[in-house]
Structure formats: structure tokens, C-alpha cells
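1. need the 3D shape of this:
(4 chains)
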Number of protein chains: 4
Amino acid sequence: MNAIIQRLGRRLRLGVVGGGPGSFIGPVHRTAARRDARFEVVAGVLSSDPERSRAAGQAIGLAADRAYGDWRELLAVERVRDDGIDAVAVMTPNAGHYPVADAALDAGFDVICDKPLTTTLADALKLVDKVRSSGLVFCLTHNYSAYPMVRQARAMVKAGELGEIRQVQLEYIQGHLARRVEDEATGPGWRFDAELGGGSLVLGDIGTHAHHLGAFVTGLDVVQVMADVGSNLPGRRVDDYAALLLRFANGARGSMWVTNAAAGAEHGLAFRAFGDQGGLEWHQEQPNHLLHRRLGDFPRLMTRRLDGLMGAEAEHASRVGIGHPEGYQEAFATLYADAADAIAARLTGQPCDPLALDFPTALDGAKGIKLIDAALESRRTGTWADCRLEV
Amino acid sequence: MNAIIQRLGRRLRLGVVGGGPGSFIGPVHRTAARRDARFEVVAGVLSSDPERSRAAGQAIGLAADRAYGDWRELLAVERVRDDGIDAVAVMTPNAGHYPVADAALDAGFDVICDKPLTTTLADALKLVDKVRSSGLVFCLTHNYSAYPMVRQARAMVKAGELGEIRQVQLEYIQGHLARRVEDEATGPGWRFDAELGGGSLVLGDIGTHAHHLGAFVTGLDVVQVMADVGSNLPGRRVDDYAALLLRFANGARGSMWVTNAAAGAEHGLAFRAFGDQGGLEWHQEQPNHLLHRRLGDFPRLMTRRLDGLMGAEAEHASRVGIGHPEGYQEAFATLYADAADAIAARLTGQPCDPLALDFPTALDGAKGIKLIDAALESRRTGTWADCRLEV
Amino acid sequence: MNAIIQRLGRRLRLGVVGGGPGSFIGPVHRTAARRDARFEVVAGVLSSDPERSRAAGQAIGLAADRAYGDWRELLAVERVRDDGIDAVAVMTPNAGHYPVADAALDAGFDVICDKPLTTTLADALKLVDKVRSSGLVFCLTHNYSAYPMVRQARAMVKAGELGEIRQVQLEYIQGHLARRVEDEATGPGWRFDAELGGGSLVLGDIGTHAHHLGAFVTGLDVVQVMADVGSNLPGRRVDDYAALLLRFANGARGSMWVTNAAAGAEHGLAFRAFGDQGGLEWHQEQPNHLLHRRLGDFPRLMTRRLDGLMGAEAEHASRVGIGHPEGYQEAFATLYADAADAIAARLTGQPCDPLALDFPTALDGAKGIKLIDAALESRRTGTWADCRLEV
Amino acid sequence: MNAIIQRLGRRLRLGVVGGGPGSFIGPVHRTAARRDARFEVVAGVLSSDPERSRAAGQAIGLAADRAYGDWRELLAVERVRDDGIDAVAVMTPNAGHYPVADAALDAGFDVICDKPLTTTLADALKLVDKVRSSGLVFCLTHNYSAYPMVRQARAMVKAGELGEIRQVQLEYIQGHLARRVEDEATGPGWRFDAELGGGSLVLGDIGTHAHHLGAFVTGLDVVQVMADVGSNLPGRRVDDYAALLLRFANGARGSMWVTNAAAGAEHGLAFRAFGDQGGLEWHQEQPNHLLHRRLGDFPRLMTRRLDGLMGAEAEHASRVGIGHPEGYQEAFATLYADAADAIAARLTGQPCDPLALDFPTALDGAKGIKLIDAALESRRTGTWADCRLEV
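-> The predicted structure is shown next:
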């Protein structure tokens, strides 16, 4: 039965900003919102071009008067409609995250926002403050942290099943920039332009995902980094490779390898974490498995299932029983489902299910931006850089 | 952009029969219908108890007047409403498939129906006839055949990439009946009762899936079987194990092993098929991979992706790009998406995308029922039984 | 330290019959004998052609007077030499196994013999009798049963860790006969000729291995079989495919799929066995792993190692510690090492290490020949055939 | 047939120094020497204690007069015996490598020596010089480089199949020091003492293996490193963890993660290398497989086999055909077999098979010692250290 309908008597109403024709992430967000029937997408701005935005909105089934041409208009109109939206989902190119999210919070909307949180640390910290002072829900879509076996890993670490964490290895090995796509007619799009404006493509695009995954699973902040960041391909003007040495808050050591330019690779996000008593290993390409190595015992091959063997945290993030694989879209949907719970709790003044509160927030996003800054500082200085965030 | 909205100016309207509180498959069907935004579920009968049916319908968000108490009422009312349903999805216990599907066709509705098609071959053949004569769309949810890598396998066989098929091995190894659940207070439900009424639990439940998968991938009918069917657990009164020797229409040989009672197993549906030039291997628990063995070359590890390496059939069944795992629910949704295309084509008189026409139909269902009959005949006689279906 | 040197003050002296130039299995046996330094190969007949035999013997380092031209001469001379051989290893084409082994036993030598034991059941039973009455050591090289993780599986079943065995699946999927090698100039050699003389290539070559593996692991005899045996390739005159339904002595059911003609396959010998409490799965191509599925718990991934986690049976068959893979040749060598222990015990009148006594014997070989006979009878009759061996 | 017997009319005669009772590596060396029947071990010093040495030598089958009590005696006596040894194999604790190898070269013997080459760079460079000036064979047992699929990887890189190498990741994840074994009664032995004397346990023990593997496969020297080296366990006085950022001679970037203290890990040596056109991945625990990712194509799963698909380099290092796993001991034996070829060529003045010349030498060993020095310098300075070796 539908938990949101039970609470509110209706589904939550969502407005989307970004994700129009040609976008990879737009359909992902909209499907995630629809997946568990807790949201209906009723309003949207799908392009920075007003004409294209309105056409694209209607093409996905929005009513004509809610297929807006501009996000400022969407916020202004929806906040005063009787049947106005409850929340805004932001999936624009990176540079749009801050202004849209900031204005949505000002308009009193809960926000679901794609990562990276912002393009500067200053903006990130302003958002953290605003979220804190407003009391609104803010969910950052570090979606990989919502896979059930990732939630399981975090719960096991938190419960002490691995002992004190000593070693962490993070990687995200992609291949889509292994060719010089920037020389091709179709071009790589805004990601390259944004990078040329001062960021670091590989770190913003996937480094923040790997970083968040490591922090999420271990419950530990990265406090120092040493980084080798650069480009694999001769003459390429953006970063497509980063290798980092990491120090965590408890003294644990680690490393991270992220690249978009490994020829033939797919989407190899993975973590390994070892504590005194054992280790965990997870690969996004086989997300329903979690390998649990144990000191003095054979490894266990943990699988996503709903028969009581996993903990409550992983069951909370699962839908279908043992042996029925769930995928990328389900993990993404779990963030939407959790955000829906938090939003419904806020709207009704009821308490939120504690298991729904493990979604990433603005603060997690700010830590990711800090990691990028620290890595680039380490590249400049050739030595360790501090990664602590004072908030 | 939404292909159904483009064609019809709206989503298709679906009525569901079955799948109420406690059902595993009900949420699966409804999520599948919603997944690609081609259907909206607007009417339903969710229980054989009218009171519970109406309450359950509203709890999933149906309007009060379309949360019906009886499926005959649903058919009668919806066929005359202006905004009435376009199609009926049947997900009752097995014994309900035939009467509901039969009446829905009589009422002029396209039908999506769970498997096994019916509980008797006679009923199955009647449905085949009615579907044929009515010209209506009938989609049987042998959902595993809609995984992209299964579609890929079928396309490769059809294109001759394996040469003539020589050997097939099918298996479906589950463990949920490894304990004597029939002695437990909560009980195993209608599956056991139905079996006691004359069917074969293991063959109806999962044997038909494995059989369809083999026929779908190879494009070959099973024509003879030799079967060992029975129960693993002492004193159990239903079948939980079957091993079959198979002969295919082209002379290829094969075998099938299906069980619900393998202690510790999960959901191990798999096929291997070898032809003159190579072989294919696929495991449902890792559905985004397909191993392609090749005569005189190293194997290829084919993965679900959208970069042009797979054929059109597999891309048609995919949504998200390389390295983003899709799962059970997406395969199920592909059947709904394909059925939607076929229904929209029928409603508008336009041609259907040929790639959408690979969903299983009533005839496939009848072949499955014939397999059960032949296997049980082989058990009785201790020798090969004919499995050909004359239609 | 070397256990045989400790007992005897020297290594055991071995004579080999068969395995000359071009033989696959000859170097395997000789390497196995040498692997653990318990034997030295000091005499041999390496070809049925006396001239080639003597040359080949010297080429592998035999002294000129012990590189014999005929196996009868080898037996006659070596039994009277002061430094004569202790044992004979037989690795001729199948038809030679019986006469050589029989004569070697008559000459008072312990025997290590390749499989299949004989080409007829009558010969097999005569060997069983002779071994029994002579008290000599007879080791049949069903080498796959000597992999540590196979020994581990057997020990776990025997200890009741799986509960009563209910289901068994055996397979051996090779590809080397996927092409029509019999039409090629180089030809397939004696295996095809032998088959044409009345046997069944696939069953004698690999079916007996799979059968022994299943019986070894479960501790259960096969008592009934239903078989589909034949050829995959049009016009081929020998069997390259067999699929069998099996019934075991305790009522457990099973199946077996063996083929030499699966295009692109390698050497896919595997077993799965399920009991009331769990299941085991092992693949020869990854021999250092054993998957242990458990009722009501996550699977364990057992690995070959020497840190006390495995049982004594598996440690007995292991040499190098955790994470250092052992392979095919080590398993083969374990049979030689175990046979050496048994031979040394017999020679010295001391008791043999019980862990060394798990090697296959003539009786196991006779059961394999009976399986072939029963499978071929089932092919003729189209129904179940009895597989019990009265000895 | 035996290549050494063909050339020399006999096997090579080997003397061993080290590897006595309790040693892990002693039996490995002796088995490797015996594996392919090119050497016989005829003399040895198995302990630094003369009494224990002589007893241990006889226990492995050495004649009493060649079971020496001291390695200086062994060298002095064997060089003048008519049937004296041809070569010396050194497998003492690390500190013994230099003096024994140095003296053996002085005595005119070819040398097979365990790694790390020495405990100081100065000694290493002296050995490099002496090997060069003497013209003697020197084989350093970085055994992992002799696995067939590693040889295959190197050959593919050399042939340009990956394009220019851009990224390398090396790892060696062990768990045997995850507990505080140094506090236990049995103690960890000389490795800990040696480290306390100035080295770095983790780098000397396994870091040099991973480093050599990377250099071997890519054909590229490491020229710069940034290192985080230390201990995982509180209070431990030796290094059990190292993470390095690497720069290779051609500008490629890489990283390395090595540890002995990952709880529950086994022997996870692995490499990944990506070039412009694809990538290779290999794991020591599954040594017969090599994953070949390809730009614009599906990955190939390359397997060790002898049917012509692998290159000559890998076939040279293989013994048994497709699907018969080879393991750790075979790779080790390949170094001995290759060294035997080189030694026999030197003794006979004939040319050596070029495929046998890919074994690691003193120069490779010196590069490993330089890596350790550079990593420790980087630890001190907190920035990149030069790793180039001028020889």
C-alpha cells in the first residue's frame, strides 16, 4: 500500500527543472519519482530555451499551463496554486544547481538536487546554511549510496561488524572519454565547457560520487588528500584521471582511482573497506552482491533479499525478493522514496521513519566540493592538502 | 518523449484484476505498468472479497468508484465509461487466469495475463482461438524473456551467429520450498492447493518459465520430453523437482532442471545453448551479462549497453546506458511497454513497431501447458512423451 | 620432509606403460609421480612399437636398459631386479588398461591405472576380484576427485553438514569435438576407433569422470538411469553428447550432462549437490573455490587454504597456503601421493594414513563401466535402466 | 621430451641454500626445480645451524656428503667435484640473498635467487655489475610474472594491442598480518626483525612483486612515486600498508595498493592496465584468466589454453591444455625451466630460446630496491620522489 497516499490522501506533486531532450539524467529522475508512486510530476522546465521547454514538458505529459518556459516562473506560479507542487527536483547542468536550489528553498519548497551540489565551495556553504535555517528537506542524489547492499555495508560498519575501519579503496572506472570525443562533431557538451571554466571534470562528475560512497559506508570523513589529477589523452584540456591518497578522520588510510578515460571500461564504481575484523567489497555493476570477508572465517557472499537476513536498513531500500535483481533505477528511486517520506513528515508534522533519513544532504554535497578543492590544491603544491570542512 | 502520449494524446488506461494485499506479483505488475509511463492504473479488483478489494484499490490510489469489488462488475462498467479502461491485466491465482482473460476478451479489451496461461490445455486452446479470432492484443508475462540480453541471445540465434542449435540446457533453481513450509502456521497459500487439485507446482510455477525461455532464445519448439517429476522432501504432496530430457524440432537435444526446493538457492534461472559455431550462457541473477563462447576464438562477455554494440532487439528493451544495471522490474516493464505499443497501434490503426512484437502470447502459453501435460505423461509411462501442439 | 624417504629410506620406483610421444596423459602421469618426490620413474614402455618405445624412454631420462620395448618384458625383468620397480602405472589407450593391469597384479605389483578401468564390465569385475584377492594397491586415476575442494565437499556431506542429499547435478562440457575433426587429416586418434568398436566415446571419456565425481562427493551410488546418448554433429559415428536422469541409492534425484561437442566450451566439469540443509557447487575450471549455500543463511565462498578452516581431508590434499592457486596437476599428483602412502604402508607392514585412502579403486571403476552399460541400455529401451552393481 | 637431457645428456644439478624446516618458500623452490625434470637437487644447505642443515638435507633425499652444514663449504666443495652442481638457488631470509648470491657468482655458478634482491640499493647495484661482467645467468624469482596470462599480457602490450599505455593500477592485498601476530608466542619470524633493522616489510615482501608485475606487463619503468606507507594496526612497529601514486617513463599514471593486513583477504595480487585501445585485468587468485577490455567492442575473456589462440610467449609458459588449471607452482616452475634453458645454452655455447629469456634478472631486482627507497623518501618528504635507476 502507498505510504504517502495513506498519510496525505494523495501523491506528492513534483516540479522538475532540467532534464529535457537529450539529457541522460532527466528521464532517470522522472522515472525515480514515478517508480514508487509517491510523486507525480506535474510541472516542469525542461530546457533553458522557453519554447523548447514548453514543448518538451507537454511531450512528457505535463499539462500545457504547467509546462513552463522558465524556472523562475515555475516557482512563482506553483507556490500560489491551490494544487501547486510540494517540491522541486533540480537536474540542470552543474552551474544551474545553486541558483535553482537556492531560489526553490527561498520559495519554501523542499528540494531534490543532482550532484555536484554547486560549482564553488562558497555557494555550497551558503546552501548548507539555508537548508539548516529553513528546516526544509534537501536531498542530494548521490544515488549509489541508496543501493540496498551499500546501505547494508554502512549498517554493518556502524554496528561494528568490521571492527575499527583501517583501509579504504574507492574506484570509479569509466571509459566514455577514452576517445577524443571533444574532436568529434557531436561534441561532449556542457561537461567540457564547465571544466574549462575552472572545475575538474573527472572529480565533479564521478570523483564526488566515489568520495561520498566511501564516507557513507565508513561513516568517516576524509581529512587529508594527496592527489594526482590530470588528463590521460595527449592534448586534452580537461581532467579525465585522478588518483588520490586519503586519510580519514579516525586515522584510516585509503586511496581513490577515478577516470572517465579507461578504454573499454563501463561504469566501474566500487569500494573496498577493511576493518580489524573483516572487509567489505561491492561493485556497482553487480549491485545485488556484497562480499564480506572475515578474519578467521570464510567469506560470505551477501545478496539482496527480503527474508530477514539483511538488516533493516537494506530491507528498507529493497522492493522485490531474493534473486530478483534490482538495478540503478531502483537505487535512484529509493532516494526519491526517502525524500518523499521526509517531505510528507514535514508537511504533516509527523515524525519521519528513521530508516528514510539516510539520504545525502547539502552538507554531504559541500564535503564533496571541499574534496575537489583539496585535490586541486594538492596538485598545485605536490603535497598533502587538508580536506576538513568547518561548518 | 512518451511514445503513447504522442500517438494517443494520453496514457493508456489499465484495469487490474488480482494482486491485492500480500501478493508478490501485484506490485510487480503495477510497477511495470507505471515504469515507462505508458499506462496509468485507473481501475481494479484486488481481492476476491469485495470489501477487501475496494479498500485495497483505494489504498493504491484508485478512485473510489473504480476500486471495484468484483471483476465482472469492472468489465461491465469500464466498457461503457467514456474514460473507461483500454486493457485488463490479470494477476489472480492461476485458476482465475482463464475466466477473467476470457471474459475480458469478450468485453473487447486487450489483455495482459500472468502465467501459466490456464490450468488445463483445453482452456488454453480456447483462449488461443479467441485471441486469434478477436484480433485483440494478448500478452502473457513470461517476463524473463524480456531481459535485454535474452532478446540479444534470441536475435543472435536468429541471425545464425551460433550456427544450427545442437544443445540446450535450462535450469531454474529456487530454494523457497526447501523447508516444509506446508507444515508452518503461515502456510504456502494457493500454490499448494492448486497443485493438490491436479497440476504440478514446480512445472506450472517455474517450469513453464524455463521452457518458454528455451523456446524463445532458440526459436525452437520442444517436441518430445522424458521427465522425472516429483518431490524432494519426504511426505510432501506437491512436486518441487523436475528434470527433463528434451528434443527440439530441429533435432537438437537438451535438458531442464527446475526445483523450488534446493536449500540455499535463490532464483537461479539460466540457459545455455550451443550451436555449431558457439554457445550462449545467461543467468537471471546477473541479467546484464551474456557470455558468448565462440568456436576457435576466446569468449566475449557481452554486457547490456546502449552504444550500438548490441543489436536493435536488445537496445529496444533497454533504457539506461552502459554499466547501469537494469533488473527484474525493467524486464517486466518491457512487456508492458511492448504491449502498450501493440495496443496503441491497434487503437489507432497504425502499424506497430516490429521490435515491440516479441512479447509472449496465448500460443506460447498453450505450449507451456502442453509441456506440463507431456512431462506428467512421461512420468506415468516412464518413457518419452510427445510435446507437439497442433493449433 | 619426505614421508616416503622417512619410511623406506628411498623413493618408490615406478614403471610406466603408455604415454609416449603425442600423448596428453603421459606427461601428466609422470609429472604427478614426480610432483611430491615420492616416486621416481625408473622404467617404462612408452609405445606399442618397441623401437619407438625404447627411444622415447631414453628421451625422458630412463636408463637404456630400463627403456623397454614391450610391457611383458618390463614386468618380467623388473620383478627380478634387485632395484626393480615397486609399482606400475598404466596410461595406454583404453583397450590396454585391462591386460596390462591384470598382468601387473599377477606379477605382484601395485598398480596405478588410468580410467576408464576397462572396456567391458566383465573385465572390470575380474579386476575387482583380483585386486581384492591379491591385497595389492590399485589406484584408478579419477583425478578430479582429488582436488582439495572436492575432498572438502565429500567430507562435508559425510559429516552431515548438508543434511540428507536430495538433488545432484553433474556436468562436463567440453568443446574439442565441436568441429568434425574426424574428417581432418590429423584425425582424432584411437578414441574414435575404440568407440566404433562398441563403446561410447563421451561416456567412457568424460561421463565416467562426472559419474565418479558425483558418487565420490555424495557417497551415494547411482542405482537407476534414463539416458539420451548420441551425436550432436550430423553424420558423426560416435557419441559426443549424453544427458542422463539419475536416481541415487537414498532416493535422491539427479541429472548429468556431458558432451565433447559444445562449441567454444573448455573443460567444464562441475557438480552441484543439495541436501536438506544446504548445497555445494564446484567448477573444475576454478578448482580452489567451493560455494556453500546454506538454508537460512548467506552462502559461504570456501577457498583452498591451510589455516585450519578447511577439514583435515582437504588439508591433506593441499600443498601451498591460502591464495596460491593449485591446479589440475596437483590434484593428479595427490592420487600418486596417496597411492604412495598406501604402497609404502603395504611394503613396510605399517598402517596407512586413513586420509590417504580416499583414492578411487577398481570397484569405483567397475561402477563407471556399469553406468555406461546402463545408459546404453536405456537408450535402446527408451526407459529407465538399472545401474546397481552386484559385487 | 626433456629439452635439457637432449642438450646435455643429463639434468642440471642444483644446489640450494635456505628453505629448511618451517620455510614456506623452500619446498616451493625445490618443487619448481623438479616440476619439469630439468634440474635435480643434489646439494644443499637448509639451515644456518650446521647440524640442522645436514639433517634437513638428508630428510629431503640429499646424499649425506652433499647435505652441507654451511653454504661456503657447499660452494667450495661443489665447484671442484666432478659431478658438482651447475647452479645455486638462494632462498634464505632476505639478508642472506646478497652474500650467498655474490659468492656463488664468484665461484662461477649460475644463480637463481629469491626476491627482494638485497636489503640495500648499494648491494643490489654491485650484484647487477657482477652479473653483467661475469656473463653468468641470474634469475630473480618474481614468480608471478611467469604465469602464462601475465606473459600473454606483456606480449599484447608489446605488440601494441592496447595502444599507448595510459593508466596502471597494481594491488596486492593479503590478510596474514591482520592480527597482531607479533604479540603471539609463535611470532612472525625474521620478517619483522629485518624490518626493524631498517627496511619496510610490506614493500620488501610484496610491494616489489607488485612493482615488478606492473613493469613487466607494461614494459615501462616507474620514474616517480608519491607514497603513503605505514602500519594499519595501532602500535605495530613495521609497515603493513602502502599506497603509492606512480608515474611511468612514458608519462602514464598509476597507483599501487599493497598490504599484509587486510582482515580476511587472501593473496590478492592483481593488475589493471589501460592503453588507448583497451585494457587488461588479471587476478593472481584466478590466474588462468585475463580480461581484455576493448575500445568499441565487448570484452574478451582470455583463458590459458594451448590451441593457438594465445601468443607464443604464453604457450611457452604453459604445459597442460585448455581448461586444465595451472597454478602458483607452475608459474614458479616456469622460471626454473627458463633459467635451465639459459644455463644449458651457456654451458653448451648454443643460443637460448628467446622465449626463455623473459625471466627477471638482477637489474629488475635493483629497480625494486630503488622503488622501496623512493617510497620511503616520499614518506619522509611528503612529496614526489624520483625512482629512476642509473645503471
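2. strands along the stretch 101-250 of chain A, start to end?
-> Applying DSSP state E, counting those that start in this stretch to the stretch 101-250 of chain A gives strands spanning A:110-113, A:138-140, A:165-174, A:222-230, A:241-248.
3. pick the most buried one from these.
-> Ranked by mean neighbour count, those are led by strand A:110-113 with a mean of 28 (mean count of other Cβ atoms under 10 Å in any protein chain shown). Where C-beta positions appear, they are placed from N, C-alpha and C, glycine not excepted.
4. what helices or strands is that strand leaning on?
-> On a contact count with 3 or more Cβ pairs under 8 Å, 6 or more residues apart in numbering or on different chains; DSSP states H and E, strand A:110-113 meets strand A:87-91, helix A:94-106, strand A:138-140, helix A:328-348.
5. the first one: partners in the sheet, and parallel or antiparallel?
-> Strand A:87-91 has the following sheet partners, assigned by DSSP bridges: strand A:12-18 (parallel), strand A:110-113 (parallel).
6. orientation of the first one relative to helix A:94-106 in degrees?
-> Strand A:12-18 and helix A:94-106 meet at an angle of 150 degrees, taking axes from the mean of the first three to the mean of the last three Cα atoms, to 10 degrees as the criterion.
7. residue A:301: which element?
-> strand A:297-303 (DSSP states H and E).
8. shouldn't residue A:317 be in contact with residue A:151?
-> Yes. Contact criterion Cβ atoms under 8 Å: residue A:317 and residue A:151 qualify, at 4.9 Å.
9. follow-up on the earlier one: any residues touching the strand holding residue A:301, and which ones?
-> A:149, A:152, A:288-294, A:309-310, A:322-323, B:266, C:291-292, C:298-303, C:309, D:264 (Cβ atoms under 8 Å, 6 or more residues apart in numbering or on different chains).
10. measure how far that strand is from the centre of its chain, please.
-> 28 Å (Cα atoms, centre = their mean, to the nearest Å).
11. that strand - what's its average pLDDT?
-> The average pLDDT for strand A:297-303 rounds to 98.
12. which positions in the stretch 201-350 of chain A make contact with chain D?
-> A:226, A:228, A:230, A:232-233, A:241, A:243, A:245, A:247, A:253-255, A:257, A:259, A:261-265, A:272, A:274-279, A:293-295, A:297, A:299 (Cβ under 8 Å from any Cβ of the partner chain).
13. from the residues you listed, keep the buried residues only.
-> Buried members of those, scored by 16 or more other Cβ atoms under 10 Å in any protein chain shown, are A:226, A:228, A:230, A:232-233, A:241, A:243, A:245, A:247, A:253-255, A:257, A:259, A:261-265, A:272, A:274-279, A:293-295, A:299.
14. look up how far chain B lies from residue A:389.
-> 30 Å (Cβ to the nearest Cβ, to the nearest Å).
15. give me every residue that touches the residue nearest to residue A:92 when sequence neighbours are not counted.
-> Of all residues not flanking residue A:92 in the chain, residue A:18 sits nearest, at 3.5 Å (Cβ to Cβ, 6 or more residues apart in numbering or on different chains). Residues near residue A:18 by Cβ under 8 Å, 6+ apart: A:25, A:26, A:45, A:46, A:90, A:91, A:92, A:93, A:96, A:100, A:114.
16. cheers, nothing more for now.
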